[in-house]
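J.: Test case, fold it:
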Amino acid sequence: ALGVGYDLAATTFSTDGRLFQVEYAGKAADNSGLVCALRVENGIVFAAEKLMHSDLLVPSWGKRIFTINDKIAIAISGLLPDARQLVTRARDEAANYKSQYGR
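T.: Numbering: from 1, shown residues only. This next block holds a predicted model:
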């Protein structure tokens, strides 16, 4: 395979100067659904394309809009396991900020 040995870390360049991990991330985002956010006068509107690749999948499986806290929401494109990890980290950071600064 083309990227063997050079796709193990995001900081390892191949002999032709490519970062395969960055290319893989771009392809994952290309293969996921469209996510869009619009700022309107009274707030923000999130929209996400729901991709159902199989009738066997649970309908709530493809959730791409998440609530971080009462003031923050996030819409994510890309791989859902990565999205869930980012949401968990964002929730932890928001909770730490609130406990430290009280807002």
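J.: mind checking the SS state of the residue lying closest to Leu19 once chain neighbours are set aside?
T.: Once flanking residues are discounted, Leu19 sits nearest to Phe13: 6.2 Å by CB to CB, 6 or more residues apart in numbering. (Each C-beta comes from the backbone N, C-alpha and C, glycine too.) Applying DSSP: H, G, I helix; E, B strand; the rest coil to Phe13 yields a three-state assignment of coil.
J.: hang on, isn't Phe13 packed against Gln21?
T.: No - taking contacts as CB atoms under 8 Å, Phe13 lies outside contact range of Gln21: 10.5 Å.
J.: Ignoring the adjacent residues along the chain, who's closest to Val87?
T.: The shortest distance from Val87 to any non-neighbouring residue, by CB to CB, 6+ apart, is to Phe66 (4.6 Å).
J.: wait, isn't that neighbour in contact with Gln85?
T.: No - judged on CB under 8 Å, Phe66 makes no contact with Gln85 at a distance of 11.5 Å.
J.: Looking only at neighbour counts, state which of the two leads.
T.: A direct count of neighbours by other CB atoms under 10 Å for Phe66 and Gln85 places Phe66 higher, at 18 against 11.
J.: contacting residues around the more buried one?
T.: Phe66 makes contacts with 73-76, 83, 87, as judged by CB atoms under 8 Å, 6 or more residues apart in numbering.
J.: helix or strand for it, which one?
T.: In the assignment (DSSP states H and E), Phe66 maps to strand 65-67.
J.: ok, that strand: who's next to it in the sheet?
T.: According to DSSP bridges, strand 65-67 has the following sheet partners: strand 73-75 (antiparallel).
J.: Run the chain-centre distance for the strand it pairs with.
T.: Here strand 73-75 is found 9 Å from its chain centre; the criterion is CA atoms, centre = their mean, to the nearest Å.
J.: Contacts for that strand next, please.
T.: Strand 73-75 is contacted from outside by 35-37, 44, 46-48, 64-68, 86-87, 90, using CB under 8 Å, 6+ apart.
J.: Name the SS class of Lys50, please.
T.: coil.
J.: what number of residues lie near it?
T.: Number of residues near Lys50 (other CB under 10 Å) recorded here: 11.
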